[in-house]
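Q: After the sequence you'll find the predicted model.
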Amino acid sequence: MKNLVTIKLNKEYKRAYFQGKFKAHPVLVTYLVPNRQKGNKIGITTSKKIGSAVVRNRSRRVIRAAYLAVRERIVFPKGYDIVFVARPDTALMKSTKLEKIMEKQILFLLQENAAQRKKKFRKEKGSS
RNA sequence: UGAGCAGGUUGUGUAAUAGCGCAGUUUUACUGUGAGGAAAGUCCGAGCAUCACAGGACAGGAUAGCUGCUAACAGCAGCCGGAGGCGACUCUAGGGCUAGUGCAACAGAAAGAAACCGCCCUGACUUUUUAGGGUAAGGAUGGAAAGGCGAGGUAAGAGCUCACCAGCAGUGGGGAAACCCAGUGGCUAUGUAAACCCUAUCCGAUGCAACACCGACAAAGAUGUAUUCGUUGGUCCGACGGUCUUGAAAGGUGGCAGAAAGCAAUAUGCUUUUGAGCACCAGCGGCGACGCGGUGCAAAGAUAGAUUAUUACAUUUAACAGAACUCGGCUUAUAGAUCUGGUCAUUUU
RNA sequence: UGGGGUGUCGCCAAGCGGUAAGGCAACGGACUCUGACUCCGUCAUUGCAAAGGUUCGAAUCCUUUCACCCCAG
């Protein structure tokens, strides 16, 4: 896919799950963690629990289409690893609806991340 | 018109915007192309690859009416036997318990060559009863009781005799065979082989995570020419090998999208050969599966895994559902639409 | 993708052609002033993942399907 880097190693997925912030919704769960590279890397998880191969493929496509639309609008301060986890109802959604949900989630998580960094920064200042 | 039977086809379409994989080229933009009838389950059969260009025996496994079709098969076609349906038609693991062994709980006298009750005869005692023998017609148990049923026959009975029916053996006729038909004979030991087993036929093992090649690192140790070691399966034989073992590890390409060769160069083309390739035919042969012949087609080939997302219209929401080395089948899932050919009943002519 | 295995009460499980053992838990009762421990009893009921078949008889044998688990990168 053009200009779209995907996460490939299991290590990187685990990093996103354990260190990253997450926001949940009945249709989509988003994990977000900053990486040290330029540009975002995304990963999509569709487990066997959500349905058959047709359902998994469909939800993967919908998420990818939604991300491509969302990427145009949001300005990321730096590179992030983003992992999207599909839910059973994801395949029934339209990608336009999913866009709005995803946009909210990512903006929320970016704020959280920024807030956390400021806190850390202050703490370090105070201790020193 | 109603009910019912068998079989086939299709498996959303169109437009706009944005986007992805692969191939090609005038190389970064265009052109072409891009999921299924089951791609599924992985239940069979093959190709292909490696191990000896795959050998023998045992073990193990598979199949099981007959004849054909097929590269092969547990598939398909036609037929035979059996079961069901008024019928169209459907279903059918359908070799052998008279080769041997095992099992048949409980009940019942007895589950394999049987006497509990009953019936009959004889003896004892003669009030009841009791001993021996004969008897498979009746009772009781059971899924199953020694061919079934009727008549003759008898002390009572019994294929003891006879008619019909079932089964077995051998005879004659028909058929390619399963098998069918006819008459003869002796008079018959139940069920179970999807129990062990026997018979016939077939099967070497491992699966593309097979396997081949490329690039790059470090080098060490052991054996000593055969009753050892290693190389492929459970075992043995046989065969082959001289070198074998080990450390660290991770990647790429091919296999893989019909194959091979040639020709041409504003392109993705053309030609030839080849293959269990696919589709079609008012062609030929065959009842048919199918074969022969002819014509046409053959461009999904990913590798964290492309083949789409959104909107509008049609008619509503399309059902089951996503290729991973490739084919032939089987099985299972499947909304709706549609076509063809039989059958039965009723009404009208 | 390929290979292998398992489904029996709420849980752990035995049984592998002839009435579905046992333990824990649960429920009822006894003991106790009450609770625990202990003792006694009940608990699969047309059923052994589901559907067909073989058999007199199937959890067990055969076929198909479903769910789950393990191994191989």
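A: Happy to help now that I have it.

Q: so who does the spatially closest residue to residue A:93 that is not a sequence neighbour touch?
A: Spatially, and ignoring its direct neighbours in sequence, residue A:93 is nearest to residue A:27 (5.7 Å; C-beta to C-beta, 6 or more residues apart in numbering). In short, each C-beta sits where N, CA and C put it, glycine included. With contact set as C-beta atoms under 8 Å, 6 or more residues apart in numbering, residue A:27 has these partners: A:87, A:89, A:90, A:93, A:98, A:101.

Q: Throw those residues into CSV and include distance to RNA strand B, thanks.
A: Output for the contacts of residue A:27, formatted as CSV (distance: C-beta to the nearest atom of the strand, whole Å):
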residue, distance to RNA strand B
A:87, 15
A:89, 13
A:90, 10
A:93, 7
A:98, 8
A:101, 13
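
Q: Do you know the pLDDT at the residue nearest to residue A:93?
A: We have a pLDDT of 82 for residue A:27.

Q: quick one: it from residue A:45, how far?
A: Remark: distance between residue A:27 and residue A:45 (C-beta to C-beta, to the nearest Å) = 14 Å.

Q: low pLDDT regions in chain A?
A: A:1-4, A:9-10, A:119-128 (pLDDT under 70).

Q: Quick one: the strands in it, in order.
A: A:5-6, A:21-24, A:28-34, A:41-45, A:80-86 (DSSP state E).

Q: Counting by contacts, list what the shortest one packs against.
A: In this case it means strand A:5-6. When contacts are defined as 3 or more C-beta pairs under 8 Å, 6 or more residues apart in numbering; DSSP states H and E, strand A:5-6 packs onto strand A:41-45.

Q: hmm, back to that, out of the contacts of residue A:27, who has the most neighbours?
A: Of all the contacts of residue A:27, residue A:90 has the most neighbours under the rule other C-beta atoms under 10 Å, reaching 26 neighbours.
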